[in-house]
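Engineer: Build the 3D model from these lines:
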Amino acid sequence: MARKKSQDILARAAIALAIVFIAALAFYRYLKTEPGRVFLVDVGVSSAYEGVQAGMERRIVRVLRRHGVLSKQIRIADEEEPGAGRVRLIRAEAPPDASLVQINVALVRSARAAGGTVHSCREGKDGSIITMEIGTKRAVTHRCVIKKGSERQHYAQAAVKRSPVVAVCIDDFGFFNNALVRELLELDFPLTISIIPGLRHSERIARAAVEAGKDVLCHLPMEAEKESWDAGEIPLIRVSMKPADIEKAVVDALATVPGAVGMNNHMGSAATADRKVMETVLSVCRARGLFFLDSMTTPRSVVRETARGTGTMEAGNDLFLDHGEGTTRENMQKLLSIAARRGTAIGIIHVRKETPAELRWMADEARKEGIDFVTVRQIMARQAMTVAEGGTR
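Structural biologist: Residues are numbered from 1 along each chain as shown. Predicted coordinates:
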């Protein structure tokens, strides 16, 4: 009996030790994570402060870049704060069309995801500037001053410096909403997301993309010269349709892609070559303050000349990055060469499992060459400013 009792005690002790070991291991692993390092700072481990500050800074810069802030418009310096360690001051100028509210929300979420917090947020009287203090619960690591630049200053400055920019539009969102979609939306540089309307996930992805600081386009299905088919609830825009039917289809399509700032054609080699079709589509864009990105699926496109007649903002795709001749990376390099030579370039890529890695590679190459990633909308605003000042597109 005594022996059995002794065995029971040993078994319980072994279980207790195993539980303690597992808990200690889990806690050790937690301390290696970003929230764990923040916890160490909050309990007074000063040696962890520098690493936490560096991690928080990367998060802040990533959010700013997602919302279209160019790297040259982010300035970071040390700011001494008595009794609270070294605070870093981040000054950033956001594009004139950026939402400071969205940037604020994104910074709050990013800080909380790291185990940190936003200590304060103050908005200027005219809503064009916000000042935020971000850090751990115990210490402020960064003071951020984010302001909107005026349209003239923001784009004219870029034009004067002739800093090349490139925009990439990712087509064909809406068929699924999985880890690949989330990975693409979380890429930490400006991108334009084009969503096929009327699909099961179209509306949800559109809202997530806007929240992630990405520009959203309605990827309007349009008749091709070969093999045209309807996608989802929105009928294909066909050459045979009456103007009223085209207008209704476009309006219905936009209703399923909330937050869209523009539109581009899905297929459409026949429709974009038809002046009557494009007059109706572009008139809807004009009435709603949207631009049209011509995917350039045909050399016979009449989008540009028709847009001039309707007064609609438009741009054209320079290169399909994952279609046609050459590898994706070869085409990405070609697009960067166009940007370096001409000042701006726009490319289109598609939702594929390889796309996130390919885009990261392109972003790294762009940085090496001094080329900034922007959205299609930002390129159009820059071109409009150049034209307004007497230049050419």
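Engineer: Now do the strands in the stretch 251-393 of the chain.
Structural biologist: Ranges of strands within the stretch 251-393 of the chain are 262-267, 291-294, 314-316, 319-320, 344-350, 372-374, based on DSSP state E, counting those that start in this stretch.
Engineer: okay, the ones you listed, which one's buried deepest?
Structural biologist: Each of these was scored by mean neighbour count; the highest is strand 262-267, a mean of 26, by mean count of other C-beta atoms under 10 Å. In short, each C-beta sits where N, CA and C put it, glycine included.
Engineer: mind putting the strands of the stretch 251-393 of the chain in CSV, distance to residue 235 and mean pLDDT included?
Structural biologist: Shown next, in CSV, are those (distance: least, C-beta to C-beta, whole Å; pLDDT from 0 to 100):
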stretch, distance to residue 235, mean pLDDT
strand 262-267, 13, 96
strand 291-294, 19, 98
strand 314-316, 23, 97
strand 319-320, 25, 97
strand 344-350, 22, 98
strand 372-374, 33, 93
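Engineer: As CSV, the ones you listed with distance to residue 104 would be great.
Structural biologist: Below are these laid out as CSV (distance: least, C-beta to C-beta, whole Å):
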stretch, distance to residue 104
strand 262-267, 25
strand 291-294, 26
strand 314-316, 30
strand 319-320, 36
strand 344-350, 29
strand 372-374, 21
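Engineer: Out of those, which gets nearest to residue 17?
Structural biologist: strand 372-374 (53.1 Å; C-beta to C-beta).
Engineer: Of all the strands of the stretch 251-393 of the chain, which one comes closest to residue 130?
Structural biologist: For these, the distance to residue 130 is smallest for strand 372-374, at 21.7 Å, taking C-beta to C-beta.
Engineer: which other helices and strands contact that closest one?
Structural biologist: On a contact count with 3 or more C-beta pairs under 8 Å, 6 or more residues apart in numbering; DSSP states H and E, strand 372-374 meets strand 165-173, helix 355-368.
Engineer: Any chance you could list what contacts it?
Structural biologist: Taking contacts as C-beta atoms under 8 Å, 6 or more residues apart in numbering, the residues outside strand 372-374 that touch it are 65, 68, 70-72, 163-168, 189-191, 363, 366, 382.
Engineer: re earlier: so which of the strands of the stretch 251-393 of the chain comes closest to residue 36?
Structural biologist: Comparison of the strands of the stretch 251-393 of the chain against residue 36 by C-beta to C-beta identifies strand 372-374 as nearest, at 31.9 Å.
Engineer: Quick one: distance of that closest one to the chain centre.
Structural biologist: Here strand 372-374 is found 11 Å from its chain centre; the criterion is C-alpha atoms, centre = their mean, to the nearest Å.
Engineer: Relative to it, what are the paired strands and their orientations?
Structural biologist: strand 165-173 (parallel) (DSSP bridges).
Engineer: Of the strands of the stretch 251-393 of the chain, which is nearest residue 46?
Structural biologist: Closest approach to residue 46 among the strands of the stretch 251-393 of the chain is made by strand 372-374 (37.0 Å; C-beta to C-beta).
Engineer: Which of the strands of the stretch 251-393 of the chain sits closest to residue 40?
Structural biologist: Across those, residue 40 has its closest neighbour in strand 372-374 (34.6 Å, C-beta to C-beta).
Engineer: Walking through the chain, point out its helices one by one.
Structural biologist: Assigned by DSSP state H, the chain shows helices spanning 2-31, 34-42, 49-66, 100-113, 151-161, 179-185, 202-211, 243-255, 275-287, 303-310, 328-342, 355-368, 376-388.
Engineer: residues contacting residue 253?
Structural biologist: 197-198, 218, 220, 234.
Engineer: ok, now how distant is residue 256 from residue 262?
Structural biologist: 15 Å (C-beta to C-beta, to the nearest Å).
Engineer: one step back: can I have the buried ones of the contacts of strand 372-374 as a PyMOL selection?
Structural biologist: Buried residues within the contacts of strand 372-374, by 16 or more other C-beta atoms under 10 Å, are selected in PyMOL with:
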select buried, resi 65+68+70+163+164+165+166+167+168+189+190+191+363+366+382
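Engineer: May I ask which helix or strand of this structure has the lowest mean pLDDT?
Structural biologist: Taking mean pLDDT, DSSP states H and E as the measure, the helix or strand of the chain with the lowest value is helix 151-161, at a mean of 52.
Engineer: hang on, the earlier thing: compare the strands of the stretch 251-393 of the chain and give me the one nearest residue 135.
Structural biologist: Comparison of these against residue 135 by C-beta to C-beta identifies strand 372-374 as nearest, at 28.2 Å.
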